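In: got a predicted structure plus its sequence, pasted below:
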Amino acid sequence: MRYYKHLYLTEGLEKKKEKIIRKLESGKLQPSVHVITLAISEKNQLEIYPTLQFKQPAFPEQDLFVVGITKGYEEAVELVEQIVQEVYEQTGGCDIRSYILEKEQGR
């Protein structure tokens, strides 16, 4: 997994960010944690995954680009809404993928 350098976090996770990432990297269970990633298919924008899904044998081994981390699905949906609002305010459009990738490259 790769992590967005401007990672979106819900309230209360800022101080736990490094610990959560370490646990994700080592495959430790974090039942309430959800990650928001750029969609695998470039036709889509974002995807929300419960981290428990990463433990499933059928889960594809792909290089996910994590843009946000939350505690729970509802918080993940709210964070996606915030991301969409930010992108719209900054660009006047809703191309989240391009916005995030350009910010990642420092443009």
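Out: That came through, no problem. Numbering: from 1, shown residues only.
In: show me where this structure has strands.
Out: Listed in chain order, the strands of the chain (DSSP state E) span 2-9, 33-38, 46-50, 65-71.
In: list the contacts of residue 101.
Out: With contact taken as C-beta atoms under 8 Å, 6 or more residues apart in numbering, residue 101 is in contact with residue 38. In this view, the C-beta of every residue, glycine as well, is placed from N, C-alpha and C.
In: nearest to residue 93, out of the strands of the chain?
Out: Shortest distance between residue 93 and the strands of the chain, using C-beta to C-beta, is found for strand 46-50: 15.0 Å.
In: quick one: low-confidence parts of this protein?
Out: Scanning the chain for pLDDT under 70 picks out 58, 60-61, 107.
In: could you point out the longest helix in it?
Out: In the chain, with assignment by DSSP state H, the single longest helix is helix 73-91.
In: show me the contacts for the most far-flung residue of the chain relative to its centre.
Out: Residue farthest from the centre of the chain, counting by C-alpha atoms, centre = their mean, is residue 92 at 21.9 Å. By C-beta under 8 Å, 6+ apart, the contact set of residue 92 is empty.
In: and the gap between it and residue 98?
Out: According to C-beta to C-beta, to the nearest Å, residue 92 and residue 98 sit 13 Å apart.
In: got it, and residue 10?
Out: 24 Å.
In: so which of the two has more stuff around it?
Out: More crowded of residue 10 and residue 98, by other C-beta atoms under 10 Å: residue 10, with 18 against 12.
In: for that one, give me its contacts.
Out: Residues touching residue 10, when contacts are defined by C-beta under 8 Å, 6+ apart, comprise 68-71, 75, 78-79.
In: likewise for residue 79?
Out: Taking C-beta under 8 Å, 6+ apart, we find residue 79 in contact with 8, 10, 36, 68, 70.
In: how near is the second one to residue 50?
Out: What it means is residue 10. Separation of residue 10 from residue 50 (C-beta to C-beta) stands at 14 Å.
In: same question, the first one
Out: Taking C-beta to C-beta as the criterion, residue 8 is separated from residue 50 by 17 Å.
In: which residues touch the spatially most central residue of the chain?
Out: Centroid check for the chain by C-alpha atoms, centre = their mean gives residue 36 as the closest residue, at 2.6 Å. Residue 36 is in contact with 8, 46-48, 66-70, 76, 79-80, 83, counting by C-beta under 8 Å, 6+ apart.
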